[in-house]
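Student: Got a predicted structure plus its sequence, pasted below:
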There are 2 protein chains.
Amino acid sequence: MTATSPTTNERVEQAATRLFAQRGFHGTGIRRLAQESGLTSASLYHWMGTKEELLARLMRSALERLTAEARAALAGAGEDPRDRLDALVRVHVRAHAERPEQTRVVDGELGALTPDARAGVVALRDEYEDLWRTVIEDGVDQGLLVVAQPDLARRAVLEMCSSVARWFRSDGDLGVAEVAEEHVSLARGALGAR
Amino acid sequence: MTATSPTTNERVEQAATRLFAQRGFHGTGIRRLAQESGLTSASLYHWMGTKEELLARLMRSALERLTAEARAALAGAGEDPRDRLDALVRVHVRAHAERPEQTRVVDGELGALTPDARAGVVALRDEYEDLWRTVIEDGVDQGLLVVAQPDLARRAVLEMCSSVARWFRSDGDLGVAEVAEEHVSLARGALGAR
């Protein structure tokens, strides 16, 4: 693959994100993807490699962005694990409300990756989830959260917050900030915040 | 369409559920579906109609089963809205743990339906969610649950419980009953049960 102008890259990635989210990875043909990117199938391959490589790249960049946002939020969140939990919930809900197609692809198409690509994406996902794991463990250790099964609870709360991607509409009754605050309250309750 | 033996029907529905769950509706070709059902494409069409009709039928029967299970559980759950919530959580988690492919198709492929079929499925889904809506409203009215935004909270808790379909393994550390009880506790916490 050759270096390419951001514009071509971005156009392909936007089209791929939209199509994978709407039709699934297996339901998206290379021809359709090329067409919506304004390229021929041959030049799409030239710029982007295989469809699997494109999917893996989309997933990696989405997870890297999410992790960077979470780290930034934690840096400004103080020491109390409950406040740190709130910060993580806000980042996660906001990402899923504002980038629903991207997060839907990340959350739903892991099974479509080749084993190597999958291992790379799973490592990034684990890195992100470790931020949550640490906050929940700290909270339990300090008696500020009450969680019987921390791994199960973390996954449940993450999935609850991810689901915003499936229903949030920017022209709906609740804005992103309100939706995020409601999830802060639901997550605190689920994790037994004192 | 003609009446058919349960065996052919079941074989097709099982193959369709598996393929739609693994590859998405758009990613599943008629030829593959026929092959995995042990039929020709022509006889598949003869028995099952179009792929869209088959999807709609799968979704309707899954939702009807879930609603029947929820009604039965509520009938034995007493009057306290918190106990009725517990009963709904157990049914929902169990269905998603034991029938992950079926529930994944129901939860993920609504957008693939034609408008008419979609309206029918949405009506069944609303009927099911109304059971949850009523229990949460009763709990709030009686001061036994504390929920700022009941619609958002209902959706969030449902999605949290649905997510079990994406990770539960029958040979994992936790059995279905334990996973269900953990979600009972998470849901009670999220909905501010007193």
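Tutor: Received the coordinates, thanks.
Student: If you count contacts, what does the longest helix seen in chain A end up packed against?
Tutor: The helix that spans the most residues within chain A, counting by DSSP state H, is helix A:115-141. Judged by 3 or more C-beta pairs under 8 Å, 6 or more residues apart in numbering or on different chains; DSSP states H and E, the packing partners of helix A:115-141 are helix A:51-75, helix A:81-98, helix A:150-162. Every C-beta, even on glycine, is put in place using the N, C-alpha and C of the backbone.
Student: Next secondary structure after the second one?
Tutor: Spelled out, it's helix A:81-98. Counting by DSSP states H and E, the next helix or strand C-terminal to helix A:81-98 is helix A:100-108.
Student: So that following helix, near chain B or not?
Tutor: Yes. Helix A:100-108 is in contact with chain B by C-beta under 8 Å from any C-beta of the partner chain, via residue A:108.
Student: quick one: that helix to helix A:51-75, angle?
Tutor: 100 degrees (axes from the mean of the first three to the mean of the last three C-alpha atoms, to 10 degrees).
Student: what's next to helix A:100-108, contact-wise?
Tutor: Contact with helix A:100-108 is made by A:17-18, A:20-22, A:24-25, A:55, A:58-59, A:62-63, A:95-96, A:162, A:164-166, A:168, B:108, as judged by C-beta atoms under 8 Å, 6 or more residues apart in numbering or on different chains.
Student: now with 7 Å?
Tutor: A:17-18, A:20-21, A:58-59, A:62-63, A:95-96, A:162, A:165, A:168 (C-beta atoms under 7 Å, 6 or more residues apart in numbering or on different chains).
Student: which of those residues lies closest to residue B:127?
Tutor: Proximity of the contacts of helix A:100-108 to residue B:127 (C-beta to C-beta) peaks at residue A:168, which lies at 23.8 Å.
Student: How about that closest one: what's its closest non-neighbour residue?
Tutor: residue A:97 (4.2 Å; C-beta to C-beta, 6 or more residues apart in numbering or on different chains).
Student: contacting residues around residue A:136?
Tutor: Counting by C-beta under 7 Å, 6+ apart, residue A:136 has contacts A:145, A:147, A:150, A:153-154, A:191.
Student: again, only this time at 6 Å
Tutor: A:150, A:154 (C-beta atoms under 6 Å, 6 or more residues apart in numbering or on different chains).
Student: where does chain A come near chain B, residue by residue?
Tutor: Taking C-beta under 6 Å from any C-beta of the partner chain, the part of chain A that reaches chain B is made up of A:23-24, A:26-27, A:149, A:152, A:156, A:159-160, A:163, A:182, A:186, A:189-190, A:192.
Student: re earlier: quick one: buried residues of the longest helix of chain A?
Tutor: A:117-118, A:121, A:124-125, A:128-129, A:131-132, A:135-136, A:138-140 (16 or more other C-beta atoms under 10 Å in any protein chain shown).
Student: about what we covered before: adding mean pLDDT, distance to residue A:31 and mean neighbour count, write the helices and strands packed on helix A:115-141 out as a markdown table.
Tutor: Compiled in a markdown table, these are given as follows (pLDDT from 0 to 100; distance: least, C-beta to C-beta, whole Å; neighbours: other C-beta atoms under 10 Å in any protein chain shown):
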| stretch | mean pLDDT | distance to residue A:31 | mean neighbour count |
| --- | --- | --- | --- |
| helix A:51-75 | 96 | 11 | 18 |
| helix A:81-98 | 98 | 30 | 22 |
| helix A:150-162 | 96 | 31 | 22 |
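Student: Quick one: closest of those helices to residue A:178.
Tutor: helix A:81-98 (10.3 Å).
Student: And the contacts of that closest one?
Tutor: By C-beta under 6 Å, 6+ apart, the list of residues contacting helix A:81-98 reads A:66, A:69-70, A:73-74, A:77, A:103, A:132, A:135, A:138-139, A:144, A:161-162, A:164-165, A:168, A:176, A:180, A:183-184, A:187, A:193.
Student: what does stretch A:142-153 give?
Tutor: With C-beta under 6 Å, 6+ apart as the criterion, stretch A:142-153 contacts A:81-82, A:136, A:139-140, A:191-194, B:182.
Student: Please parse chain A into its domains.
Tutor: A:1-49, A:59-190 (automatic domain parsing).
Student: among those, which gets the worst mean confidence?
Tutor: When those are compared on mean pLDDT, domain A:1-49 scores lowest, with a mean of 86.
Student: List the contacts of residue A:123.
Tutor: Residue A:123 touches nothing, counting by C-beta under 6 Å, 6+ apart.
Student: ok so, going back, can I get the domains of chain A in a markdown table with distance to residue B:31?
Tutor: Below are the domains of chain A laid out as a markdown table (distance: least, C-beta to C-beta, whole Å):
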| stretch | distance to residue B:31 |
| --- | --- |
| domain A:1-49 | 14 |
| domain A:59-190 | 20 |
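Student: gap between the residue nearest in space to the middle of chain A and chain B?
Tutor: Nearest to the centroid of the C-alpha atoms of chain A, with distances taken as C-alpha atoms, centre = their mean, sits residue A:103, at 4.2 Å. Separation of residue A:103 from chain B (C-beta to the nearest C-beta, to the nearest Å) stands at 13 Å.
Student: and if you look at residue A:90?
Tutor: For residue A:90, the distance to chain B - C-beta to the nearest C-beta - is 15 Å.
Student: Apart from its neighbours in sequence, what residue is nearest residue A:78?
Tutor: Leaving aside its sequence neighbours, residue A:78 is closest to residue A:84 (7.3 Å, by C-beta to C-beta, 6+ apart).
Student: ditto for residue A:41
Tutor: residue A:34 (4.6 Å).
Student: any idea which element the one you found lies in?
Tutor: helix A:30-37.
Student: Just the angle for that helix relative to helix A:51-75, thanks.
Tutor: Using the same axes, to 10 degrees: helix A:30-37 against helix A:51-75 is 50 degrees.
Student: can I get the CA coordinates of helix A:30-37 in CSV?
Tutor: Output in CSV follows, covering the C-alpha atoms of helix A:30-37 (Å, rounded to 0.1, in the frame of the first residue of the first chain):
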residue,chain,number,x,y,z
ILE,A,30,-16.2,-4.5,-2.5
ARG,A,31,-17.9,-3.2,-5.6
ARG,A,32,-20.5,-1.3,-3.5
LEU,A,33,-17.8,0.0,-1.2
ALA,A,34,-15.7,1.3,-4.1
GLN,A,35,-18.7,2.9,-5.7
GLU,A,36,-19.6,4.8,-2.5
SER,A,37,-16.0,5.9,-2.1
